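In: Just need the structure, nothing else, for what follows:
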Amino acid sequence: MAPGNDISIKASMLTRSFRRTDGQIVDALSAVSFDVLKGQFVCLIGPSGCGKTTLLQIIAGLLLPSSGTLQVGNEAVTGPSPERGMVFQKDSVFPWMRVIDNVQYGLVCRGMAPGERRAIAEHYLERVGLAHVAHAWPRELSGGMLKRVAVATVFANGAGVLLLDEPFGMLDYVTKRHLHDVLLTLWAETGGDKPRTVVFVTHDVDEALILADRIMVFHTGRLIDDILVGAPRPRTTDALLTPQMVEDKHLLLAHLGLEAKRAGATASLAR
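Out: The predicted structure is shown next:
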């Protein structure tokens, strides 16, 4: 899906500082600036503690920056909004609600008529392959199924910006790849006049290359690289073997400090 010409997210000199228990001030984010176009799928990657989740929480309105500005659309972010939906790393499905009630909960909060919200929830449960468990309790579902409930919920709520914090990190390879397909299919279906912007945090280089239009690389709170992924969609694992994707992967691994370790291991084996 080609991104539109409008800016969806605009960060300018964004900084977020925390005071540690020893009194020292630490910048989780430091002077970060970027624009994200409406309809882009952006992955944030970097080592643990580099500021990815902090940035996602600021976009969601769950944290406020210490300095700098953040706009979604033409409005400054000052708190949570139904226009920004989030899927957390840990399960965020309400265990006391049946699956279909979880999916339509945000629509209930908006005051949508029962018949309309139920139709939307049923549509997205069908799209993620869970229509047959619409009336099940979350405890009766597998981890992968719970993630599909979370994805259905965030799309059903109709937010223009979707924020996902390592949503598939704990899943097995096959389940993860299936959920990539589900997510990309739903994202592609929301193009046209109202494309949805996705910001997706991951530690998985292959995952970022399969999903993203663009990969933003963070290190110690700073944005250190911004890579456009040019491979056509849909992408299979074979796409990761093309020369450009291999080059991008090596660059990302180098940013993460893994290429040097691999080279050292290879040299050690050669001796």
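In: CA only for contacts and neighbour counts going forward, please
Out: Will do.
In: What segments of the stretch 151-271 of the chain are helices?
Out: Secondary structure of the stretch 151-271 of the chain (DSSP state H, counting those that start in this stretch): helices at 173-189, 205-211, 243-255, 258-270.
In: List the beta-bridge partners for residue 197.
Out: Counting by DSSP bridges, residue 197 forms beta bridges with residue 161.
In: show me the contacts for it.
Out: Shown in contact with residue 197 (C-alpha atoms under 8 Å, 6 or more residues apart in numbering): 8, 37-42, 160-162.
In: Could you tell me the model confidence score at the closest residue to residue 8 other than its chain neighbours?
Out: Setting aside the residues directly before and after it, residue 8 is nearest to residue 38 in space (C-alpha to C-alpha, 6 or more residues apart in numbering), at 4.5 Å. Residue 38 is assigned 92 on the pLDDT scale.
In: okay, and for the protein, where does confidence drop off?
Out: Across the chain, the ranges flagged by pLDDT under 70 are 1-5, 91, 191-193, 259-271.
In: And the strands in it, which stretches?
Out: Along the chain, counting by DSSP state E, strands occupy 7-19, 25-37, 41-45, 67-72, 75-76, 84-87, 161-165, 197-201, 214-219, 222-228.
In: out of the ones you listed, which comes closest to residue 136?
Out: Among those, strand 84-87 comes nearest to residue 136, with 20.4 Å by C-alpha to C-alpha.
In: So in that sheet, which strands flank the closest one, and in what orientation?
Out: Strand pairing for strand 84-87, determined by DSSP bridges: strand 161-165 (parallel).
In: Between strand 197-201 and the partner strand, find me the angle.
Out: With axes from the mean of the first three to the mean of the last three C-alpha atoms, to 10 degrees defining the directions, strand 161-165 sits at 10 degrees from strand 197-201.
In: can you list the residues that contact strand 161-165?
Out: For strand 161-165, the external contacting residues (C-alpha under 8 Å, 6+ apart) are 8, 53, 56, 60, 83-89, 154, 196-202.
In: could I get the contacts of residue 197 as JSON lines with distance to residue 132 and neighbour count?
Out: Converted to JSON lines, these look like this (distance: C-alpha to C-alpha, whole Å; neighbours: other C-alpha atoms under 10 Å):
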{"residue": "8", "distance to residue 132": "36", "neighbour count": "22"}
{"residue": "37", "distance to residue 132": "36", "neighbour count": "20"}
{"residue": "38", "distance to residue 132": "34", "neighbour count": "24"}
{"residue": "39", "distance to residue 132": "31", "neighbour count": "28"}
{"residue": "40", "distance to residue 132": "32", "neighbour count": "23"}
{"residue": "41", "distance to residue 132": "30", "neighbour count": "24"}
{"residue": "42", "distance to residue 132": "32", "neighbour count": "25"}
{"residue": "160", "distance to residue 132": "28", "neighbour count": "21"}
{"residue": "161", "distance to residue 132": "28", "neighbour count": "27"}
{"residue": "162", "distance to residue 132": "26", "neighbour count": "23"}
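In: could these be laid out in CSV, adding distance to residue 248?
Out: CSV is the format used below for those (distance: C-alpha to C-alpha, whole Å):
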residue, distance to residue 248
8, 25
37, 21
38, 24
39, 22
40, 18
41, 17
42, 15
160, 29
161, 26
162, 25
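In: any idea how far the residue nearest to residue 8 lies from residue 128?
Out: According to C-alpha to C-alpha, to the nearest Å, residue 38 stands 24 Å off from residue 128.
In: try residue 138
Out: Distance from residue 138 to residue 128, counting by C-alpha to C-alpha: 15 Å.
In: ok, now residue 162?
Out: Residue 162 is 16 Å from residue 128, by C-alpha to C-alpha.
In: Okay, domains of the protein per the record?
Out: 7-83+159-266, 97-158 (automatic domain parsing).
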